[in-house]
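> what follows is a predicted protein model with its sequence.
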Amino acid sequence: MPRKGGVVVYLPQGHLDHLGDAPAHAAPSPAAVPPHVFCRVVDVTLHADASTDEVYAQLSLLPENEEVVRRMREATEDGSGGEDGETVKQRFARMPHMFCKTLTASDTSTHGGFSVPRRAAEDCFPPLDYSQQRPSQELVAKDLHGTEWKFRHIYRGQPRRHLLTTGWSAFVNKKKLVSGDAVLFLRGDDGELRLGVRRAVQLKNGSAFPALYSQCSNLGTLANVAHAVATKSMFQIFYNPRLSQSEFIVPYWKFAKSFSQPFSAGLRFKMRYESEDAAERSTQG
């Protein structure tokens with residue numbers, strides 16, 4: 001996610017891909033917007049959709065003038081402009097008390113509970129008294145909207161395992177969770193427990209993100225963006241990097257670094273990338 005005060009490159013074509021089936025009148029002519037725009041991040045406001053709990057950001061961007069871009073390009077070329085990005089692993093290192101689990105059919109069944117990996121339970125939840133025959137406790141976790149959810153955390157079974165029982169089915173039903181969705185638990189430094197959900201990628205579509213797509217008739221229209229770029233004035237967009245394969249907000253250092261890689265038609269390559277669970281994966285093409 002872009003940081004306030006940072007410099008990014010805005011890619012209009014990627015934004016169009018992000019909007020998907022946006023009304024035709026929302027898109028300006030190709031000549032109205034350059035292929036890429038250097039911008040300063042003026043503000044970042046985080047939101048969560050009321051119906052899906054999907055998180056997204058409202059970015060306020062200000063096109064940079066040519067002199068600033070020239071100085072940044074020179075700094076990059078002489079090596080003084082370092083990477084101001086942060087990897088997924090570094091972000092997870094700052095949030096050690098967190099786990100994410102993809103829900104199974106058992107986790108989402110009406111009469112089942114939520115099976116929690118032992119290491120995740122011991123790291124994220126308050127400690128259980130294992131001297132008891134059936135160690136258990138009540139957990140209270142807040143979702144992204146501040147709603148409190150109460151769960152019974154118990155350690156039982158053969159072999160023994162950590163389960164969330166009472167209260168879990170109500171949470172699944174209210175959030176309309178299905179197998180393949182993911183649940184995240186996070187314990188802050190203050191000990192407060194928070195939780196969120198991630199919808200399965202294959203279920204994503206425009207209708208699931210009304211706030212993102214309402215921008216077509218609101219402050220984020222590409223027509224407004226084209227005018228803002230032409231007049232060097234601030235514009236606002238909604239941004240969810242998980243919604244589209246096309247990144248349209250790229251850190252400046254990453255954009256500049258890409259020019260040092262020689263690519264030619266027909267070249268085969270292997271690309272390494274980071275997934276949301278902090279694992280490093282690769283693909284070939």
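Here it is on my side, so go on.

> measure the residue nearest to residue 232 when sequence neighbours are not counted to residue 225 for me?
Once flanking residues are discounted, residue 232 sits nearest to residue 63: 5.0 Å by C-beta to C-beta, 6 or more residues apart in numbering. The way it works is simple: take the backbone N, C-alpha and C, and place the C-beta from them, glycine included. Distance of residue 63 to residue 225, given as C-beta to C-beta, to the nearest Å: 10 Å.

> tell me where the stretch 1-150 of the chain has helices.
12-19, 66-77, 88-94, 118-124 (DSSP state H, counting those that start in this stretch).

> what's the distance between residue 171 and residue 164?
9 Å.

> which one of those two has more residues nearby?
residue 164 (24 against 20; other C-beta atoms under 10 Å).

> contacts only, for the more buried one.
The neighbours of residue 164, taking C-beta atoms under 8 Å, 6 or more residues apart in numbering as the test, are 113-114, 116, 139, 151-153.

> next one: residue 167
149-152.

> how about the strand ranked longest in the chain: buried residues?
In the chain, ranked by residue count with DSSP state E as the criterion, the top strand is strand 37-48. For strand 37-48, a neighbour-count test (16 or more other C-beta atoms under 10 Å) marks 37-41, 44 as buried.

> follow-up on the earlier one: show me which of the contacts of residue 164 is closest to residue 159.
Distances from residue 159 to the contacts of residue 164, taken as C-beta to C-beta, are shortest for residue 116 (14.1 Å).

> ok, that closest one - contacts?
99, 101, 125, 153, 161-164.

> buried subset of the residues you listed?
When the contacts of residue 116 are checked against 16+ other C-beta under 10 Å, the ones flagged as buried are 99, 101, 125, 153, 162-164.

> buried residues, stretch 52-64. List them.
Those would be 52-61, 63-64, for stretch 52-64 by 16+ other C-beta under 10 Å.

> as CSV, those with distance to residue 120 and pLDDT would be great.
Formatted as CSV, the buried residues of stretch 52-64 follow (distance: C-beta to C-beta, whole Å; pLDDT from 0 to 100):
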residue, distance to residue 120, pLDDT
52, 24, 86
53, 20, 88
54, 22, 85
55, 21, 86
56, 26, 87
57, 27, 90
58, 32, 91
59, 32, 93
60, 36, 95
61, 37, 94
63, 44, 92
64, 43, 88
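
> filter these down to just the ones in strands.
Those of these lying in strands (DSSP E): 55-61, 63.

> and the two most separated of these?
55 and 63 (26.2 Å).

> hang on, the earlier thing: now, which of the buried residues of stretch 52-64 sits nearest residue 135?
residue 53 (30.1 Å).

> and the gap between that closest one and residue 70?
Taking C-beta to C-beta, one finds residue 53 at 43 Å from residue 70.

> in JSON lines, list the contacts of residue 116 along with pLDDT and distance to residue 181.
Formatted as JSON lines, the contacts of residue 116 follow (pLDDT from 0 to 100; distance: C-beta to C-beta, whole Å):
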{"residue": "99", "pLDDT": "93", "distance to residue 181": "15"}
{"residue": "101", "pLDDT": "96", "distance to residue 181": "10"}
{"residue": "125", "pLDDT": "96", "distance to residue 181": "21"}
{"residue": "153", "pLDDT": "98", "distance to residue 181": "20"}
{"residue": "161", "pLDDT": "94", "distance to residue 181": "21"}
{"residue": "162", "pLDDT": "96", "distance to residue 181": "20"}
{"residue": "163", "pLDDT": "96", "distance to residue 181": "18"}
{"residue": "164", "pLDDT": "97", "distance to residue 181": "15"}
